[in-house]
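Chemist: quick one, what's the 3D model for this:
(2 chains)
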There are 2 protein chains.
Amino acid sequence: MSEKWITGVDLGGTTIKLAFINLNGEIVEKWEIATDNSDMGKNITTDIAKAIEDKLADLKQDKSKLVGIGMGAPGPVDYETGVILNVVNLGWEDNFPLQAQLQEVISLPVAIENDANCAALGEMWNGAGKGAKDLVCVTLGTGVGGGVIANGNIVQGINGAAGEIGHITSIPVGGAPCNCGKTGCLETIASATGIVRIAGKQLAEGQATGELAEIFAKNGKVTAKDVFDAARIGDETAKKVMDEVSFHLGFALANIGNTLNPQKIVLGGGVSRAGDILINAVKENFAKYAFSAVRDSTEISVATLGNDAGVIGAAWLIKNKLNL
Amino acid sequence: MSEKWITGVDLGGTTIKLAFINLNGEIVEKWEIATDNSDMGKNITTDIAKAIEDKLADLKQDKSKLVGIGMGAPGPVDYETGVILNVVNLGWEDNFPLQAQLQEVISLPVAIENDANCAALGEMWNGAGKGAKDLVCVTLGTGVGGGVIANGNIVQGINGAAGEIGHITSIPVGGAPCNCGKTGCLETIASATGIVRIAGKQLAEGQATGELAEIFAKNGKVTAKDVFDAARIGDETAKKVMDEVSFHLGFALANIGNTLNPQKIVLGGGVSRAGDILINAVKENFAKYAFSAVRDSTEISVATLGNDAGVIGAAWLIKNKLNL
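Modeler: The predicted structure follows:
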């Protein structure tokens, strides 16, 4: 029998990533289309269906090659019904029946999950968490997102809010305001935005000298990457920023470990690309605050799938749903 | 067909609690025997088998009335193999094959799980968490224990250390030493021992006046119950102790909520019997530090099964294993 494919879709506010993925979790073909969120997003499902059909034609493949479509969506999802509860950037009204609509236009099984959860499933299927049944993925990007997998399945929580690792409170009193309405969330510290904020605060005091202070004097700002680069060459200000970030991140991960003792905690997103300068310090703090049996067994690793984690995890949803 | 029973067993270092439980999770008969941990614990399994057979005879029931035996053990358990990894008080050596041994002497299906996890399963089956698929139970006793249930099943973790809620680090620097080797664990604050310690520290300063200071002057010590009683009548020292305990407990539970968004967080154990004076303050802190979607959906409640949670949850293991 010839190899079957799953279509994995990672739906974002500006682009939609698509991929054909084989049953081993490997990408055969990937491409993107623009998200058309005009007219309350009414073209999105038909655009996706057309993109899939066009690509099959390009590759001279029949639709029977596909067993189904898995999709990650940027908001809370009711997995059982495939309804998007609410989503900001796509034009859809609340409780949008995405799964039913897409199934209708494409006549294939569809499964939908939150995009952070899809990234976690991708890393479990074919990435840094390969083979792990208990896994926590933390995406350190503009914000901080997360996905929790226990006994091989996503933990969604009663209101779809499990895995909101970015909104773990790190600073109970006097923390920076978070977009979520609280203050002191991990996201205000361990995201790219948080790192820039902490560095800016230190540099604005005007006492700092060194590499990072020079960039700040020249550009009036620094990026998260500037902080990592400066820390790597021993810049004192940058090292102080990294100490603060890695303390709070390591502390939060240790307490997640004390609660769940996952086989792996996988760190992804742009900030995780800081590499050893961040990861080693996070591991040190983790070891300090984790219960001994957790410290000895839960491993912290860096995600390996990059931006592909979402489409691969989305494809896993169909593999799991159809018992393939 | 006449009603079938499961035997639930809660194995402790000094007593073994046993119960016959029907398939609705209700206790039909319960009793205790002493734990004989002499001779490296070699009599424990035969004692349990004899206790069950004697009780069946007392009740004029045949062994065919029983479908199996579920047991909670005071240590980490490999659920798949029914092996107790290590346990301090029972005389057994490490990796003791409890399930296999008990099955051999009693010729009935046996399932074994850690006792804190059994208590969580009991509350899920027929207690404060009835019907919840996502549940976290926290037992506030001499120490602080926990059990995490996700998608209807216990989360064990890669090393059996999931649910170590008591060893969540609450105070990163300068916290009290914990039995686990770390400092500042939640157990050093929110257990009966922790409450007595915090109160003693405040009272030893010798500045305090009021009810609690009088008890301390008279007895040279106070109990956790003394603290609750004094707080209830407005004693300032006791209120300060309760503020500290409820802050750290509410903060830790909020971050568990931000990670798992369970339907319920169930508080059990002696300390939970403090009632509203503790629970309301914990709920306030939880609301302050939980992500909005978690605050609006995760409920904090008090356990309803008391000391029976362990045998009821142990019985659930068999119901689940045999798909009854």
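
Chemist: quick one: the strands in the stretch 101-250 of chain A?
Modeler: Using DSSP state E, counting those that start in this stretch, the strands found in the stretch 101-250 of chain A span residues A:110-114, A:135-140, A:144-150, A:153-154.

Chemist: let me know which of those strands is tucked in deepest.
Modeler: Sort the strands of the stretch 101-250 of chain A by mean neighbour count, taking mean count of other Cβ atoms under 10 Å in any protein chain shown, and strand A:135-140 sits at the top with a mean of 30. Bear in mind the C-beta positions are built from the backbone N, C-alpha and C, glycine included.

Chemist: please tell me how far that strand is from the chain's geometric centre.
Modeler: Distance, stretch centre to chain centre, for strand A:135-140: 7 Å (Cα atoms, centre = their mean, to the nearest Å).

Chemist: with stretch A:311-324 instead?
Modeler: Per Cα atoms, centre = their mean, the centroid offset for stretch A:311-324 relative to its chain is 17 Å.

Chemist: average pLDDT across that stretch?
Modeler: For stretch A:311-324, mean pLDDT rounds to 96.

Chemist: do the longest helix seen in chain A and chain B meet?
Modeler: If you go by DSSP state H, chain A has its longest helix at helix A:236-260. Yes: contact of helix A:236-260 with chain B (Cβ under 8 Å from any Cβ of the partner chain) involves A:247, A:251-252, A:254-256, A:258-260.

Chemist: how about stretch A:161-178: buried residues?
Modeler: Counting neighbours by 16 or more other Cβ atoms under 10 Å in any protein chain shown, one finds that the buried residues in stretch A:161-178 are A:161-170, A:175-176, A:178.

Chemist: just the endpoints, please. Distance across it?
Modeler: End-to-end distance of stretch A:161-178 (Cα to Cα, to the nearest Å): 17 Å.

Chemist: which helix or strand in chain A has the lowest average pLDDT?
Modeler: Between all helices and strands in chain A, the lowest mean by mean pLDDT, DSSP states H and E belongs to strand A:77-78, at a mean of 89.

Chemist: find the closest residue to chain B in the stretch 201-324 of chain A.
Modeler: Residue of the stretch 201-324 of chain A nearest chain B, by Cβ to the nearest Cβ: residue A:261 (2.5 Å).

Chemist: quick one: the helices in the stretch 1-150 of chain A?
Modeler: According to DSSP state H, counting those that start in this stretch, the stretch 1-150 of chain A carries its helices in the segments A:44-58, A:98-106, A:115-126.

Chemist: what does the stretch 201-324 of chain A have sitting close to chain B?
Modeler: For the stretch 201-324 of chain A, the contact set with chain B under Cβ under 8 Å from any Cβ comprises A:247, A:251-252, A:254-256, A:258-263, A:289, A:291-294, A:296-298.

Chemist: any of the residues you listed buried? List them.
Modeler: So, by 16+ other Cβ under 10 Å, the buried ones in those are A:247, A:251-252, A:254-256, A:258-263, A:289, A:291, A:293-294, A:297-298.

Chemist: run through the stretch 1-150 of chain A and note the low-pLDDT ranges.
Modeler: Residues of the stretch 1-150 of chain A meeting the criterion pLDDT under 70: A:1.

Chemist: domains of chain A: list them as residue ranges, please.
Modeler: Here the domain parsing of chain A from automatic domain parsing is A:5-122+A:308-321, A:132-304.

Chemist: tell me which of the ones you listed sits most buried.
Modeler: When those are compared using mean count of other Cβ under 10 Å, domain A:132-304 is most buried, at a mean of 21.

Chemist: any idea how far apart the tips of that one sit?
Modeler: End-to-end distance for domain A:132-304, by Cα to Cα: 14 Å.

Chemist: off-centre distance for it?
Modeler: That offset, for domain A:132-304, works out to 13 Å (Cα atoms, centre = their mean).

Chemist: for stretch A:37-57, same thing?
Modeler: 24 Å.

Chemist: so what strands line up beside the least confident helix or strand of chain A?
Modeler: Its sheet considered, strand A:77-78 pairs with strand A:83-84 (antiparallel) by DSSP bridges.

Chemist: off-centre distance for the partner strand?
Modeler: Strand A:83-84 sits 19 Å away from the centroid of its parent chain (Cα atoms, centre = their mean).

Chemist: which residue does the stretch 1-150 of chain A have closest to chain B?
Modeler: Residue nearest to chain B within the stretch 1-150 of chain A (Cβ to the nearest Cβ): residue A:150, separated by 4.3 Å.

Chemist: correct me, but that residue touches residue B:156?
Modeler: No: judged on Cβ atoms under 8 Å, residue A:150 makes no contact with residue B:156 at a distance of 9.1 Å.

Chemist: shared neighbours of those two, which are they?
Modeler: residue A:134 (Cβ atoms under 8 Å, 6 or more residues apart in numbering or on different chains).

Chemist: ok so, going back, switch the helices of the stretch 1-150 of chain A over to JSON lines; also include distance to chain B.
Modeler: Listed next are the helices of the stretch 1-150 of chain A as JSON lines, based on distance: least, Cβ to the nearest Cβ, whole Å:
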{"stretch": "helix A:44-58", "distance to chain B": "24"}
{"stretch": "helix A:98-106", "distance to chain B": "19"}
{"stretch": "helix A:115-126", "distance to chain B": "12"}
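
Chemist: could you dump those helices to TSV with distance to residue B:209?
Modeler: Shown next, in TSV, are the helices of the stretch 1-150 of chain A (distance: least, Cβ to Cβ, whole Å):
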stretch	distance to residue B:209
helix A:44-58	69
helix A:98-106	64
helix A:115-126	53
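
Chemist: for residue A:95, what are its contacts?
Modeler: By Cβ under 8 Å, 6+ apart, the neighbours of residue A:95 are A:83-86.

Chemist: could you give the bridge partners of the nearest residue to residue A:15 once chain neighbours are set aside?
Modeler: Nearest residue to residue A:15, sequence neighbours excluded (Cβ to Cβ, 6 or more residues apart in numbering or on different chains): residue A:32, at 4.9 Å. Beta-bridge pairing of residue A:32 under DSSP bridges involves residue A:17.

Chemist: do I have it right that residue A:32 meets residue A:16?
Modeler: Yes: at 6.6 Å, residue A:32 counts as touching residue A:16 under the criterion of Cβ under 8 Å.

Chemist: which strands or helices does the following helix or strand past the longest helix of chain A pack on?
Modeler: Sequence-wise, the next helix or strand downstream of helix A:236-260 (DSSP states H and E) is strand A:264-268. For strand A:264-268, the packing partners by 3 or more Cβ pairs under 8 Å, 6 or more residues apart in numbering or on different chains; DSSP states H and E come out as helix A:115-126, strand A:135-140, helix A:236-260, strand A:299-302.

Chemist: sorry, back to before: residue B:109: which of the contacts of residue A:95 is nearest?
Modeler: Nearest to residue B:109, judged by Cβ to Cβ, of these is residue A:83 at 40.2 Å.

Chemist: residues in contact with the closest one?
Modeler: A:77, A:95-99.

Chemist: the nearest residue to residue A:291 once chain neighbours are set aside: what's it in contact with?
Modeler: With sequence-adjacent residues excluded and distances taken as Cβ to Cβ, 6+ apart, residue A:291 is closest to residue B:167, at 3.9 Å. By Cβ under 8 Å, 6+ apart, residue B:167 lies in contact with A:258, A:291, A:294, B:178, B:180, B:182, B:185-187.
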